[in-house]
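Novice: This is a predicted model, with the sequence first.
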Amino acid sequence: QVQLVESGGSSVQAGGSLRLSCVASGGNFRAMGWFRQAPGKEREFVATILNFSSGPRYADSVKGRFTLSRDNAKNTVYLQMNSLKPEDTAVYYCAAGSPILSTMERAASYNYWGQGTQVTVSS
């Protein structure tokens, strides 16, 4: 049984930093990444990485502030979030699956999801 367990969500002030972690069990996944969903909004892509990729892919809104890394031996991904802004406030979901390159930023391309972890950034 596949399970994704997230941790690291919290409340911080604008400009602060957080590190999210997601541990996957029960399978090996071509891609692991993060999406987020703010109240009243659709789930949106944040970052993702392939298990053989030379580098992660980011949403434009987080480029230069967020860093995604993956430890394949531990089946774990980390999202280091710096210079946080109030608009980063959302529930962050870990995702895993086998998307093709052209669909890596689509939530529908991922088969497995974590329960979500809340990130709140106050101004």
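Specialist: Perfect, I can see it now. Note that the coordinates shown come from a computational prediction; the quantities given were computed from them, not determined experimentally.
Novice: Please name the bridge partners of the residue nearest the centre of the chain.
Specialist: What sits nearest the mean C-alpha location of the chain, by Cα atoms, centre = their mean, is Trp34, with 1.8 Å. Counting by DSSP bridges, Trp34 is bridged to Ala47, Cys94.
Novice: any idea how far it is from Ser123?
Specialist: 23 Å (Cβ to Cβ, to the nearest Å). From N, CA and C alone the C-beta is placed, and that goes for glycine too.
Novice: quick one: the residue nearest to the centre of the chain and Val77 touch, right?
Specialist: Yes - at 7.5 Å, Trp34 counts as touching Val77 under the criterion of Cβ atoms under 8 Å.
Novice: Can you pull the residues that touch both of the two?
Specialist: Taking Cβ atoms under 8 Å, 6 or more residues apart in numbering as the contact rule, Trp34 and Val77 both touch 22, 68, 94.
Novice: Tell me the most packed of the residues you listed, by neighbour count.
Specialist: Cys94 (27 neighbours; other Cβ atoms under 10 Å).
Novice: surely that one meets Phe29?
Specialist: No - Cys94 is beyond contact range of Phe29, at 10.5 Å (criterion: Cβ under 8 Å).
Novice: in the protein, which spans are strands?
Specialist: Using DSSP state E, the strands found in the chain span residues 3-7, 11-13, 18-25, 31-37, 44-50, 57-58, 66-71, 76-81, 90-97, 110-113, 117-122.
Novice: Tell me the buried residues in the fifth one?
Specialist: Within strand 44-50, the residues that qualify as buried are 45-50, counting by 16 or more other Cβ atoms under 10 Å.
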